Each structure stands twice: as C-alpha cells, then as structure tokens.
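*Asks:* got a predicted model here, sequence first, then my questions.
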Amino acid sequence: MHTSLVGRKRTSAALGAILALAVAGGALAYWTIGGAGTGSATAGNVSAVTVTQTSTVAGMYPGRAPQLLAGNINNPNASKVYVSSVTAAVAPFSSSVVDPLLPACTEADFVIGGSAPVGGEMDPGLNVAAWSGLTVALTDAAANQDNCKGVSITIDYTANP
C-alpha cells in the first residue's frame, strides 16, 4: 500500500503541474484588436451683460456743456466675460410737436461724445465693472429748438467685446 500512496502522490503532483501549465498558458493566450467609439462635449452659452447708467442728466439746453454719462456693467454669467468698451446712441423718437411752425425735436438734436473704455475681464456679478467717459448734450443748432424743451430721451448702451 505504501507504493500506491506514493504513486497517487506522484500522479496528483503530475496532474497539478499539468493543470498549472494549462492555466499559465491560458493566461498568456489572448487576441489583440483595436476599436473606435464616439463621445460628445458641449461648450456653454453666455448671457448678454447689462449696461446701466448711474449718472443723472438733467437741464440740457442748446449751448450747455456736455454732461457726463457713467454707469456699471452687470455680468449674469457663471464665468468671466470680456468687455472692452461701452458705446451709446440716442434712441430714435418722435416728440409731440408743441409749435408746428418750428422744426420737430428728434434724436439728431442730441449728441453723444467721448469714449468709455472698460478694458478687460469681468467677474460674474452685479456692478462688476464701472464705466465713464461718455457725454450727452443738446446740440446748438442754427434752427429754433423750442420743440426740444422738456423732452426726455432714451440712451441705448452697447457693451463691446
């Protein structure tokens, strides 16, 4: 019996070695192959900044010196934006003509002057950049401008990249 126990141990050892070689050989056998796929990424959108006027302009009359325009820029975005300057224009309007024998008051009776550089990146938030340097005046025209008395104008502002 002793011989058969030794024979079993040898057989078990041999089977174990063969099994180990089979597993090792199986771990080294594989196929190589390439592949392809797709993905996506989307850049965010930004909202327009808001330009507000903080200066008060009143009492314009022909020949009076131009009055200063100043304000803030609000950035509603979650990230920084770049604004180089603010420009302005008098919005078109039609006034009620007080004296039909005199010329009507129009946006051409007013002039915007100066420049308002902002110059750079603006952090998100309210009133993040101040601007100034623009002016508004009632022109001193050769014609009678009585129809401009008491007229309130709207000034349109543009933030420029």
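*Replies:* Yes, it's here.
*Asks:* so Val97 sits in a strand?
*Replies:* No: going by DSSP: H, G, I helix; E, B strand; the rest coil, the assignment for Val97 is coil, not a strand.
*Asks:* how far away is Ser152 from Arg64?
*Replies:* 16 Å (C-beta to C-beta, to the nearest Å). The C-beta positions use only the backbone N, C-alpha and C, and glycine is treated the same way.
*Asks:* just after the helix or strand bottoming out on mean pLDDT in the chain, pick out the following helix or strand.
*Replies:* Every helix and strand of the chain was ranked by mean pLDDT, DSSP states H and E. The lowest is helix 2-28, at a mean of 58. Using DSSP states H and E, the helix or strand that follows helix 2-28 in sequence is strand 50-53.
*Asks:* and that next one, which residues are buried?
*Replies:* For strand 50-53, a neighbour-count test (16 or more other C-beta atoms under 10 Å) marks 51, 53 as buried.
*Asks:* ok, stretch 143-152 next?
*Replies:* Per 16+ other C-beta under 10 Å, stretch 143-152 contains these buried residues: 145, 147-148, 151.
*Asks:* turn these into CSV, columns for pLDDT, secondary structure and distance to Ala41.
*Replies:* What follows is the buried residues of stretch 143-152, written out as CSV (pLDDT from 0 to 100; DSSP: H, G, I helix; E, B strand; the rest coil; distance: C-beta to C-beta, whole Å):
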residue, pLDDT, secondary structure, distance to Ala41
Gln145, 94, coil, 58
Asn147, 95, helix, 58
Cys148, 94, helix, 55
Val151, 93, coil, 53
